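S.K.: structure for the following, please:
(one chain, ligands or ions: 1)
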Amino acid sequence: MIRTCILYRLSLPLKIPMRTAHGDVREKQAILVQLVDCDGIEGWAECVALPEPTYTEECTDTAWTVLVHHLVPRLARWVRSLGRDIDPQHVYESFRDVRGNAMSVAALEMALWDWYAARTNQPLAKLLGAARDRVEVGATIGIMDSDDALIQSVDAAVEQGFRRIKLKIAPGRDRDMIEAVRRRYPDLPMAVDANGSYAQTDAPLLQALDAYHLQFIEQPFPDDDWFDLAELQASLQTPLCLDESVRSAREVKLAVRLGAGRVLNLKAGRLGGFGRLLRVLRASTLAGMSAWVGGMYETGVGRAHGLIAAALPGMRYPTDLGPADRYFEEDVLREPISFAEPGTIRVPDWAGLSDHVDRDAVERFCTATWKASFADF
Ligand SMILES: [Mg+2]
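M.R.: Residues are numbered from 1 along each chain as shown. Down below sits the predicted model:
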């Protein structure tokens, strides 16, 4: 029986601030969840909410509040009602009446899966059905002030062996910049991500990007701009990739019916956990869409879980989840996630993360903790 939940609020400096259409991310704020059962077996996971509510409506502050006041109490009551017989496949029962807050729900759901892997001594990757022991990795490059700086970053990523380059774009930093990279690297697998920063009136500019044979154009319009996304996709050869737009299998259906995109960027954090990611992946595979796993600048805990998701059958393109040293001087895993060979990372085959979390590092980066005994709910 799980007895305790501890939340750690962390702040890790990023080596290089990442600029997207949403603004700059200078430090990684994360919430780590640790579940502990009566035998001392642990489950770990990361809430991927960003410091500002700019990606979805969730942010670190709201996630902390929702976890403390609403989700952990529900999980505790559910666990207590079950006794010893806890199956993570059914954990959504405990959050049935909760609307939204997918990143906060995901943190608990994934911690429960992580605990279950440790409890049953099975690799989490195997429990979830991962099909590969290593995955290909692409590099995401933030918006740079100058094309020279951008080219330098692309050169470095190509040199390091990344299998795809994804450029963040926003109005004013798009076509010329893409052209400069394409001219230098005519055959490089390349994609762009606008984080919803364009409007329907920008359609001609986005149509012109067909000339650069991109793997996809990610989230050109805001998440709920379905009809404009569909109209744009109909006028493009390049597939549109949906990230912020897709929160459940329902939006996959919507995307297919409307023809609003052909590729999905799936993140267990955004979707509400592994169970919901598997559901969305099934729906998108059946619909003939291509899927892959994006990143949220995760610490090692979220990174390890994301790599497992990236190894599921049906994930087609390289993941954005690169080696930890691309982002952090120091991470929270004993052995940081790194390349197995240039451009690929070994999928963690661990029975949960608890033996791999560096407790001293967690303490060092920790700015707040909260501990709850399940007996109190
Ligand atoms: Mg994106």
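S.K.: near the ion, which residues of this protein?
M.R.: Asp193, Glu218, Asp243 (Cβ under 5 Å from the ion). Just so you know, the C-beta spots here come from the backbone N, C-alpha and C atoms, and that holds for glycine as well.
S.K.: for the second one, give me its contacts.
M.R.: Glu218 makes contact with Lys166, Ala191, Val192, Asp193, Ala194, Asn195, Leu240, Cys241, Leu242, Asp243, Val263, Asn265 under the criterion Cβ atoms under 8 Å, 6 or more residues apart in numbering.
S.K.: identify the farthest-apart pair in those residues.
M.R.: Maximum pairwise distance among those (Cβ to Cβ): 15.4 Å, between Asn195 and Val263.
S.K.: returning to that earlier point: strands - which of the residues of the chain next to the ion land there?
M.R.: Asp193, Glu218 (DSSP state E).
S.K.: could you dump the residues of the chain next to the ion into a markdown table with pLDDT added?
M.R.: Shown next, in a markdown table, are the residues of the chain next to the ion (pLDDT from 0 to 100):
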| residue | pLDDT |
| --- | --- |
| Asp193 | 97 |
| Glu218 | 98 |
| Asp243 | 97 |
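S.K.: low-confidence ranges in this structure?
M.R.: Counting by pLDDT under 70, the chain contains no low-confidence residues.
S.K.: once you drop chain neighbours, what's closest to the residue in it positioned nearest to the ion?
M.R.: In the chain, the residue that lies nearest the ion is Asp243 (3.6 Å; Cβ to the ion). Among residues not flanking Asp243 along the chain, Asn265 sits closest, at 4.0 Å (Cβ to Cβ, 6 or more residues apart in numbering).
S.K.: for that neighbour, grab phi and psi.
M.R.: phi -90, psi 110 (degrees, to the nearest 10).
S.K.: that one: what's it in contact with?
M.R.: So Asn265 contacts Glu218, Gln219, Cys241, Leu242, Asp243, Val246, Ala291, Trp292, Val293, Gly294 (Cβ under 8 Å, 6+ apart).
S.K.: can you show me the strands along the chain?
M.R.: Going by DSSP E, the chain shows strands at 2-20, 23-37, 42-47, 134-136, 139-141, 165-168, 190-193, 217-218, 240-242, 263-266, 290-293, 339-341, 344-346, 366-373.
S.K.: would a markdown table of the residues of the chain next to the ion with distance to Leu286 be doable?
M.R.: Formatted as a markdown table, those follow (distance: Cβ to Cβ, whole Å):
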| residue | distance to Leu286 |
| --- | --- |
| Asp193 | 25 |
| Glu218 | 22 |
| Asp243 | 20 |
